[in-house]
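J.: sequence first, then the predicted structure:
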Amino acid sequence: MKVIFDKSELIAAITPAMGAVSSRRDNPILECLKITATAPDMCRITTYDNEKGFHIDINAKVIKEGCCLINAQRFFGMVKNMPSDITLECKPDMTAVLTSERSTYEIQYQDPKYYPNITEISGRQSFTLKQSQLKDVITQTMFAVADNNDRLQLNGAYFVVDNGYIHVVALDGLRFAERMIHDEKIIKTNIEVAIDTEVRFIIPKKSLVEVIKLLEDPDEEITVVKARRHVMFKVKNITFHTALIDGDYIEYRRFIPKNETTTAVVNTAAVRDSLERALFITEYKEAGRLKAPVKLNFYDGVLNVSSVSSSNKVQDEIPAEKEGSDLEIGFNCKMLLDTFRVLECEKIKLKLTTPLSAMAMVPVDDNDDSFLYFTFPTRITENF
């Protein structure tokens, strides 16, 4: 095998592919890039970590066809340090030689026959939408995906897609995020099941991180293909696939707060900025423990945001269009702030029931169903 690469194109291909290189040390094969040269002008970079993987096709001058496995971290480091275009030649003695101008590296490669046989996903359902739309629904819900919940389904984001909309839900037990985008240009394609069947799946959190990295061109479309146990994302020359979380998602609607006794319309940025200031106090540690939640007090057209620790205090007053009873409620500041950091609307409606019930955050327009967030409170102690 002998191939000549443009350095910048090779780096651009390896960079996303590193997201599916195994970090575990129990299988050295999965720490490798699979480099396949099969055509006069094309080369494929493949990585796979038993759960997710990449296929990335790049232009290259293929002098001799072939395939090899090379340790990804070492190969990437060598490529970045080369001065210009790179020639990769694999010798019969299992040595790969990289040359660029007068610079030369040698590295051992492995036989590709030991690499897992990764076949292209043949999906029963697929859909297309703009990259910006997919990025919005992921970034505005992913913070509420659980990390290591015993209920495996909560460790991923739940997607529901049909012609005209995409709907994503995340719930970690203490907070909830729901995002909906309506657009007639979101369409299902290549359907092998009933035309009115929604596309449903749960993507692991770590795979969502890799998907976001692919979404660089907001106006370009991305194609998503769902198979029985996998989902695949196609963007230009990059294909990313990931295993799905098996099982049905939790019946989350029974947790949505109802019958609110207090509502307040507030400026989103004002509350966000206030929580950022409170975070400095609430993250203050005493004896290794966080001592100070943030308290929201709704009264007389005002939202009072405050936090007190043994030696620090912060307080803000924010105008609020309040209806209903006065109410005081406490939260983990970081968890509440995560929601306000992703909100893009100028104003938001807060809906509350009791000091021990979740606070919902919804659009001001009651006919707008583009998002719903709620966070469960923390009990306010007497010395707060």
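T.: Arrived safely. This structure is a prediction, so every number in the text was calculated from the model and none was measured.
J.: from Lys213, how far off is Tyr48?
T.: With the distance defined as Cβ to Cβ, to the nearest Å, Tyr48 ends up 17 Å from Lys213. (Each C-beta comes from the backbone N, C-alpha and C, glycine too.)
J.: who's more crowded, these two?
T.: Using other Cβ atoms under 10 Å as the criterion, Tyr48 and Lys213 rank with Tyr48 on top: 21 against 12.
J.: all helices for this protein, in order.
T.: Assigned by DSSP state H, the chain shows helices spanning 7-17, 72-81, 131-139, 205-214, 268-282, 333-342.
J.: what's the angle from the second one to helix 7-17?
T.: By that I understand helix 72-81. Between helix 72-81 and helix 7-17, the angle comes out at 150 degrees (axes from the mean of the first three to the mean of the last three Cα atoms, to 10 degrees).
J.: export helix 72-81 as CSV, just CAs?
T.: Taking Å, rounded to 0.1, in the frame of the first residue of the first chain, the C-alpha atoms of helix 72-81 are listed here in CSV:
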residue,chain,number,x,y,z
ALA,A,72,-4.6,6.5,15.9
GLN,A,73,-2.9,8.7,18.6
ARG,A,74,0.6,8.2,17.3
PHE,A,75,-0.4,8.5,13.7
PHE,A,76,-2.3,11.8,14.3
GLY,A,77,0.7,13.2,16.2
MET,A,78,3.1,12.3,13.4
VAL,A,79,0.8,13.8,10.7
LYS,A,80,0.5,17.1,12.6
ASN,A,81,4.2,17.4,12.8
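J.: elements contacting that helix?
T.: With contacts taken as 3 or more Cβ pairs under 8 Å, 6 or more residues apart in numbering; DSSP states H and E, helix 72-81 sits against helix 7-17, strand 32-39, strand 103-108.
J.: can you tell me which of those is nearest to Thr141?
T.: When those are compared by Cβ to Cβ, helix 7-17 sits nearest Thr141, at 22.1 Å.
J.: show me the contact partners of the closest one.
T.: Identification of contacts with helix 7-17 by Cβ atoms under 8 Å, 6 or more residues apart in numbering yields 33, 45-47, 54, 56, 58-60, 72, 75-76, 79-80, 82, 84-86, 100, 210, 213-214, 237-238, 240.
J.: can you say which of these are buried?
T.: With burial judged by 16 or more other Cβ atoms under 10 Å, the buried subset of these is 33, 45-47, 54, 56, 58, 60, 72, 75-76, 79, 82, 85-86, 100, 210, 214, 237-238, 240.
J.: what about Ile118, how many neighbours?
T.: Residues within reach of Ile118, counting by other Cβ under 10 Å, total 13.
J.: contacting residues around it?
T.: Taking Cβ under 8 Å, 6+ apart, we find Ile118 in contact with 46, 48, 53, 55.
J.: point out where the stretch 151-300 of the chain drops to low pLDDT.
T.: In the predicted model of the stretch 151-300 of the chain, residues 190-196, 283-291 satisfy pLDDT under 70.
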